[in-house]
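Asker: Prediction below, plus the sequence it came from.
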Amino acid sequence: MVADSKNAGVQTPVELALQPILSLETQSDDYSPDAIARDVANGVDIEDGEPNPFVFLLTILVSFSGFLFGYDTGYVSGALVSIGTDLGSVLTSSDKEFITSATSVGALLGGVIAGTLADVLGRKWVTIGANTLFVVGAAIQTGAHTIWTMIGGRFVMGWGVGIASLIAPLYISEMAPSRFRGRLVVLNVLAITGGQVIAYAIGAGLSNLQNGWRVLVGLGIVPAIAQMIMFIYMPETPRYLVRTGQIEKARHVVRWIYSPRNRAIDEEVVTRKVKLLEIYNNEQHPEWSGYRRVKYALKQLYLVPGHFRALVVACGLQGIQQLCGFNSLMYFSATIFQVVGFNQPTAVSLIVAGTNMAFTILAFLLIDIIGRRRILLSTVWGMSAALVLNAVAFHFLPPNASQSDPWAIIILVAMMLYVAFYAAGIGNVPWQQSELFPMQVRGLGTSMATATNWGGNLIIGSTFLTMMDRITPSGTFGFYAGLCLLGEVFIYFFYPETSYLTLEDIQGVLKDGFDIKKSNQMSREAKMKHQASTHGLIGDSSA
Ligand SMILES: O[C@H]1[C@H](O)[C@@H](O)[C@H](O)[C@@H](O)[C@H]1O
């Protein structure tokens, strides 16, 4: 939400902390929809106050899902090169593609149902369900002695990954005060990349150990069980509670989230926030059956032009994130570096995962300063350039090259550049997807976008090694370079700047077209207003 315009100007930190209470002075005790809508339009919202540190704790606990997503998609790179004949025979390229893609297929299916499941069962129980799938899938793989058992375990785990990939950012964005939302969602991406780094590191450490890959896979059970236990004690999001008529519980969570540090929150503030959520939810027709509601939301998503544009943008960004080919490195970098001639391919591929994580931290720091659109426009072309360099280097790499060959070094550097550009932008921005959709179509819209992500992931994971064989590594990387360029064009024409915009602003921008110019201007104005009101403290008021 935008900053409180009535409090604009220089504020001391104490005044800032008191803001939830101060803004109350501007509110009447009129709780009619009109009065609340007026307050919202005037920027009066308790979300502008200082959030309780509890929100950050919640985000960290939820980000265990991101960690598991990263760990479970990350370990496959190391496992593939160390499985040897443990599954009965040496793995062929297509075995490797099957094992890798089984998770993507499961994730695609999990992503499709996750939004609706979350609306029906709640965010909390769906997260616990995803944890169960992580545990069962990992257990099956750890004990696998055939390729098909391994594929089955990866498939079950994939359902968990797909569900977790949607639910974590959704939970965070529904809990987080709006001006912190962007960065808190990036924290979850940081957990994904952290999970990948740790999976790579453990994979490298265990690569020479007999059956070490089983330990690598089995270790993923630990955080899943830890999160499952913690989640039993976690609250539901206020939005879900209000939606299911659990108003007292919703009040309780709102009290937790928005209480200024060490002080009780004013009950009037709580009432106003919960009323606001109720107003949004009134549009949901609570008497409708789940089926009727999903059908209605589907119609809305495709037939209301603004919602459909949001869908195009969300799916487009997720498509670019995957079709740019990044995960071919994530899954097969150890295999690639083996071909290139590196002696310790799992250790070298750790550099790729490390670069991904380091530049996600950079994105975390910059996303609200630079803006989502601008950060994408200034990085996606760089991915394309780095891929062209890769294609050229592969072309000149001699057969049976060693790791000291200059072309091998150039390949490593080009891959790091590519990963750096990826992580700073398209690796995380698409996960801000929920801010594009209004409440009524958010579950379904984010499900479609998440499914697009995993659909793209599946295409890349199941074709990469075959493409390397058929059209050579140079052809493969050249092809991805072309796709990245197309991605840059899509972003340029279709992705509006959403940083610092409220949900209503974003819908306003998408209502009549992909109004990039208007979004840039609104975002600039909102940022200036926000900076004025927080006296230089930079926060995120998006969504
Ligand atoms: O945002 C994440 C992150 O960039 C991961 O490193 C990648 O493996 C995932 O596919 C992506 O969704």
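Answerer: It's in.
Asker: What residues does G382 make contact with?
Answerer: By Cβ atoms under 8 Å, 6 or more residues apart in numbering, G382 lies in contact with 417-418, 420-421. C-beta here means a position set from N, CA and C on the backbone, and glycine is covered the same way.
Asker: Using PDB, write out every CA atom in whichever strand or helix holds it.
Answerer: For G382, the enclosing helix or strand under DSSP states H and E is helix 380-396. Presented in PDB, the C-alpha positions along helix 380-396 are these (Å, rounded to 0.1, in the frame of the first residue of the first chain):
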ATOM      1  CA  VAL A 380      18.200 -10.800 -19.800                       C
ATOM      2  CA  TRP A 381      20.200  -9.500 -22.800                       C
ATOM      3  CA  GLY A 382      23.400 -10.300 -20.800                       C
ATOM      4  CA  MET A 383      22.300 -14.000 -20.500                       C
ATOM      5  CA  SER A 384      22.000 -14.100 -24.300                       C
ATOM      6  CA  ALA A 385      25.500 -12.600 -24.800                       C
ATOM      7  CA  ALA A 386      27.000 -15.100 -22.300                       C
ATOM      8  CA  LEU A 387      25.300 -18.000 -24.100                       C
ATOM      9  CA  VAL A 388      26.700 -16.900 -27.400                       C
ATOM     10  CA  LEU A 389      30.200 -16.800 -25.800                       C
ATOM     11  CA  ASN A 390      29.500 -20.300 -24.600                       C
ATOM     12  CA  ALA A 391      28.500 -21.500 -28.000                       C
ATOM     13  CA  VAL A 392      31.600 -20.100 -29.600                       C
ATOM     14  CA  ALA A 393      33.900 -21.600 -26.900                       C
ATOM     15  CA  PHE A 394      32.300 -25.100 -27.300                       C
ATOM     16  CA  HIS A 395      32.900 -24.800 -31.000                       C
ATOM     17  CA  PHE A 396      36.600 -24.300 -30.500                       C
END
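Asker: show me what contacts the closest residue to L80 other than its chain neighbours?
Answerer: Ranked by Cβ to Cβ, 6 or more residues apart in numbering and with sequence neighbours excluded, the top spatial neighbour of L80 is K96, at 5.2 Å. Neighbouring residues of K96 by Cβ under 8 Å, 6+ apart: 80, 332, 335, 465.
Asker: distance of V126 from the ligand?
Answerer: Distance of V126 to the ligand, computed by Cβ to the nearest ligand atom, to the nearest Å: 19 Å.
Asker: got a pLDDT number for that residue?
Answerer: V126 is assigned 95 on the pLDDT scale.
Asker: If you count contacts, what does the host helix or strand of it end up packed against?
Answerer: Per DSSP H and E: V126 is located in helix 123-142. Helix 123-142 is packed against helix 54-82, helix 93-121, helix 147-175, helix 212-218, helix 221-232, with contacts defined by 3 or more Cβ pairs under 8 Å, 6 or more residues apart in numbering; DSSP states H and E.
Asker: What are the buried residues along the shortest one?
Answerer: Residues of helix 212-218 classed as buried: 212-214, 216-217 (neighbour count, 16 or more other Cβ atoms under 10 Å).
Asker: okay, and for the stretch 201-350 of the chain, where does confidence drop off?
Answerer: Applying pLDDT under 70 to the stretch 201-350 of the chain flags residues 260-263, 280-287.
Asker: whoops, the chain was the one
Answerer: In the chain (pLDDT under 70), the answer is 1-51, 178, 260-263, 280-287, 503, 533-543.
Asker: how about 50 then?
Answerer: For the chain, applying pLDDT under 50 flags the ranges 1-28, 41, 43-44, 536-543.
Asker: What parts of it come near the ligand?
Answerer: 73, 189, 192-193, 196, 321, 327, 330, 356, 427-428, 431 (Cβ under 6 Å from any ligand atom).
Asker: Among the residues you listed, name the buried ones.
Answerer: 73, 189, 192-193, 196, 321, 327, 330, 356, 427-428, 431.
Asker: Could I get the full set of helices for the stretch 301-450 of the chain?
Answerer: 305-323, 326-340, 345-370, 372-377, 380-396, 406-424, 439-494 (DSSP state H, counting those that start in this stretch).
Asker: Select, out of these, the one closest to E248.
Answerer: E248 lies closest, by Cβ to Cβ, to one member of the helices of the stretch 301-450 of the chain: helix 439-494, at 21.1 Å.
Asker: and the angle for the next helix-or-strand element following the closest one with helix 305-323?
Answerer: Downstream of helix 439-494, the first helix or strand assigned by DSSP H and E is helix 503-511. With axes from the mean of the first three to the mean of the last three Cα atoms, to 10 degrees defining the directions, helix 503-511 sits at 90 degrees from helix 305-323.
Asker: Run through the residues that contact E174.
Answerer: With Cβ under 8 Å, 6+ apart, E174 has these contacts: 123, 237-240.
Asker: how much space between it and K273?
Answerer: 13 Å (Cβ to Cβ, to the nearest Å).
Asker: ditto for A423
Answerer: 35 Å.
Asker: what's the answer for Y500, then?
Answerer: 21 Å.
Asker: what about those two, which has more around it?
Answerer: Y500 (29 against 24; other Cβ atoms under 10 Å).
Asker: Correct me if wrong: that one contacts S523.
Answerer: Yes. Counting by Cβ atoms under 8 Å, Y500 does reach S523; the two are 5.1 Å apart.
Asker: Now for these two: what residues contact both?
Answerer: G371.
Asker: Check the burial of T463 by counting its neighbours.
Answerer: T463: 16 neighbours (other Cβ under 10 Å).
Asker: quick one on the thing from earlier: between the helices of the stretch 301-450 of the chain, which one is closest to G129.
Answerer: G129 lies closest, by Cβ to Cβ, to one member of the helices of the stretch 301-450 of the chain: helix 439-494, at 15.3 Å.
Asker: Helix 380-396 and the closest one, what's the angle between them?
Answerer: 60 degrees.
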